[in-house]
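Participant: pasting a predicted model and its sequence here:
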Amino acid sequence: MRSDIEKTLLSKISDLHKLKSLISTWKSEGKKVIFTNGVFDLLHIGHITYMAKAAELGDKLIIGLNSDSSVKRIKGEGRPVNDQNSRAALLAALFFVDAIVVFEEDTPINAITTLMPDILVKGADYSIENIVGAKEVVANGGQVKTINFVEGYSSTSIIQKIRNQIT
């Protein structure tokens, strides 16, 4: 039997079509929906700060999470360190995250165009014209915003630091 905490975590992890229906409900209630995405392999203060700032832009924060196979294609054979179920559960534990959707493709374009958030958010290392889904969200009346990263934090650098200490 699952605990209430497990049920709450699992309830935040959704497939694209169920999430689309949920977003429709949220929007009918006047809620502003934010979408951001990433690998979120080793959760660190940079991730937490970024997602918290994204959540402050509206009412409901959706995280698009790269699947394990997507991460391998993008980051290489040694990644992800944590599997997609573990990464999704960690994200679901954050009080400001309302839903997580795992996507198999290399980019979240299908998730973005299916869900059509009010606000699409990426890190400030992207220019708005290079953000996947930006033109579609804007064409639908939405906004695209960027958020500055906390300097000195990345999963890649943490993984490299650990590897250097082992060798």
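Facilitator: It's in.

Participant: so how far is Ala89 from Val144?
Facilitator: Per C-beta to C-beta, to the nearest Å, Val144 is found 29 Å from Ala89. Just so you know, the C-beta spots here come from the backbone N, C-alpha and C atoms, and that holds for glycine as well.

Participant: wait, Ile100
Facilitator: Distance from Ile100 to Ala89, by C-beta to C-beta: 9 Å.

Participant: with Leu57 instead?
Facilitator: Distance, Leu57 to Ala89, using C-beta to C-beta: 24 Å.

Participant: ok, Asp118 next?
Facilitator: As judged by C-beta to C-beta, Asp118 and Ala89 stand 26 Å apart.

Participant: compare those two and say which is more crowded by neighbours.
Facilitator: Legend: neighbour count by other C-beta atoms under 10 Å for Asp118 and Ala89, higher for Asp118 (21 against 17).

Participant: pLDDT at that one, what is it?
Facilitator: Note on Asp118: pLDDT of 98.

Participant: torsion angles phi and psi at it?
Facilitator: Phi and psi for Asp118, reported as degrees, to the nearest 10, are phi -70, psi -30.

Participant: again with the one 4 residues further on
Facilitator: Its backbone dihedrals place Lys122 at phi -140, psi 170, with angles given as degrees, to the nearest 10.

Participant: what's next to the lowest-mean-pLDDT helix or strand in the chain, contact-wise?
Facilitator: Least confident helix or strand of the chain, by mean pLDDT, DSSP states H and E, is helix 155-166 with a mean of 75. If you take C-beta atoms under 8 Å, 6 or more residues apart in numbering as the criterion, helix 155-166 is touched by 39-42, 44, 75, 78-79, 81.

Participant: what's around Leu91, how many residues?
Facilitator: Neighbourhood size, Leu91 [other C-beta under 10 Å]: 22.

Participant: separation between it and Phe40?
Facilitator: Here Leu91 is placed at a distance of 6 Å from Phe40 (C-beta to C-beta).

Participant: what is in contact with those two at once?
Facilitator: Contacts common to Leu91 and Phe40, judged by C-beta under 8 Å, 6+ apart, are 63, 65.

Participant: helices of this protein, residue ranges please.
Facilitator: 4-12, 16-28, 45-55, 68-75, 84-92, 109-115, 134-139, 155-166 (DSSP state H).

Participant: averaged pLDDT, the fourth one. What do you get?
Facilitator: So that's helix 68-75. The average pLDDT for helix 68-75 rounds to 96.
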